[in-house]
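K.L.:
Make a model of this:
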Amino acid sequence: MKGMTSILLRLLNAKLRITSTQFGPFSIDIVAGERIAILGPSGAGKSTLLRLISGESVIESGGILLNGKSISTFKIDSLSHQLAVLPQSYPNTFDLPVDLVIELGRLNRDDSVSLDDIVKQAATLARADHLLTRTTGGLSGGELARVHLARVFAQFWDVQAGLLLVDEPLSAFDPGLQYELFQRLSSFARSRGHALVAVLHDVQLALHGFDRLLMIHQGQLFADCPVSLAALPKLEKLFGVRFLTHQSDEGLFLRTADFSEFS
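P.N.:
From the prediction side, this is the model:
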């Protein structure tokens, strides 16, 4: 059982309503250092759960505690030292210098390390260092995604045991870059003891790169379980498919069964 002192974030019967749809109630504990994948069909409420965890959505009832304190009581500068969010999309209304966008992750910081050094290191980690002299207006979707990943790296560069929330962080990248940047994101979180919580559509990535699965269906918590073969029946029921599995020294691999294989 998780010790009370190790709980980074706790949802206590947290519930919200969007128009006529009720989300929750959710009761979930997140421990520093965990890697959690949020899975579910399109429209299930995955991104809504992430916004609930971040405190962005105002709950109808229940509570959200970050390090034992109600998340609604945090000031922005204090919250930014404990929680970072990488959203699914990046508004590009203004044509801003790339280095300035990354620097925004360092707002409200009294840096003992050179700001320029952190920006350059964060950009290099996000494979965005070649973009530092450009502005956001001329960037592709994948380039802009790397800039905002660098911004989050900069925000949490000197933070330990924070909560890092990412929504489909790899969807704008080709397969090779997806793998490389996920490895960098995962290593970044692990080396600093951050909890990494990611909304994903890629079940294979969830099984290979994460420790725990939160399955969401129609705004409700369908399952909360460790990553293991025992999770497969739940995943099949969640998505309404059957997975064929192959176990090797490199891990568990899945493919969706053909319709003919269901008979």
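
K.L.:
pLDDT weak spots in the stretch 151-263 of the chain?
P.N.:
249-252, 258-263 (pLDDT under 70).

K.L.:
Please repeat the previous calculation with a cut-off of 80.
P.N.:
172, 246-253, 255, 257-263 (pLDDT under 80).

K.L.:
all helices of it, in order?
P.N.:
175-192, 203-209, 232-239 (DSSP state H, counting those that start in this stretch).

K.L.:
Go through the ones you listed and name the closest to Gly43.
P.N.:
Gly43 lies closest to helix 232-239 among the helices of the stretch 151-263 of the chain, at 12.8 Å (CB to CB). Bear in mind the C-beta positions are built from the backbone N, C-alpha and C, glycine included.

K.L.:
looking at the helices of the stretch 151-263 of the chain, which is buried most?
P.N.:
Ranked by mean neighbour count, the helices of the stretch 151-263 of the chain are led by helix 203-209 with a mean of 19 (mean count of other CB atoms under 10 Å).

K.L.:
Other residues contacting that helix?
P.N.:
By CB atoms under 8 Å, 6 or more residues apart in numbering, the residues outside helix 203-209 that reach it are 35, 37, 39, 170, 182, 186, 200, 213, 227, 231, 235, 239, 243, 251-254.

K.L.:
From those residues, list just the buried residues.
P.N.:
Buried members of the contacts of helix 203-209, counted by 16 or more other CB atoms under 10 Å: 35, 37, 39, 170, 182, 200, 213, 227, 231, 235, 239, 243, 252, 254.

K.L.:
Make TSV out of the residues you listed and add distance to Pro97.
P.N.:
Formatted as TSV, those follow (distance: CB to CB, whole Å):
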residue	distance to Pro97
Arg35	33
Ala37	34
Leu39	37
Leu170	25
Phe182	27
Leu200	31
Leu213	39
Val227	40
Ala231	44
Leu235	43
Phe239	42
Phe243	46
Leu252	44
Leu254	43
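
K.L.:
Name the nearest of the residues you listed relative to Gly138.
P.N.:
Using CB to CB, the buried ones among the contacts of helix 203-209 come closest to Gly138 at Leu170, 22.4 Å.

K.L.:
quick one: that closest one and Gln183 touch, right?
P.N.:
No - taking contacts as CB atoms under 8 Å, Leu170 lies outside contact range of Gln183: 10.8 Å.

K.L.:
sorry, back to before: as TSV, the helices of the stretch 151-263 of the chain with distance to Lys69 would be great.
P.N.:
Below are the helices of the stretch 151-263 of the chain laid out as TSV (distance: least, CB to CB, whole Å):
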stretch	distance to Lys69
helix 175-192	21
helix 203-209	30
helix 232-239	33
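
K.L.:
Which of these sits closest to Leu164?
P.N.:
Comparing the helices of the stretch 151-263 of the chain by CB to CB, helix 175-192 comes nearest, at 5.6 Å.

K.L.:
what residues does the closest one touch?
P.N.:
33, 35, 125-127, 142, 146, 149, 153, 156, 159-162, 164, 166, 169-170, 173, 194-196, 205, 209.

K.L.:
who does the host helix or strand of Ala14 touch, helix- and strand-wise?
P.N.:
Assigning secondary structure by DSSP states H and E places Ala14 in strand 7-18. Helices and strands touching strand 7-18, by 3 or more CB pairs under 8 Å, 6 or more residues apart in numbering; DSSP states H and E, are strand 21-31, helix 46-54, strand 61-66.

K.L.:
With mean pLDDT added, can I get those in CSV?
P.N.:
Shown next, in CSV, are the helices and strands packed on strand 7-18 (pLDDT from 0 to 100):
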stretch, mean pLDDT
strand 21-31, 93
helix 46-54, 94
strand 61-66, 95
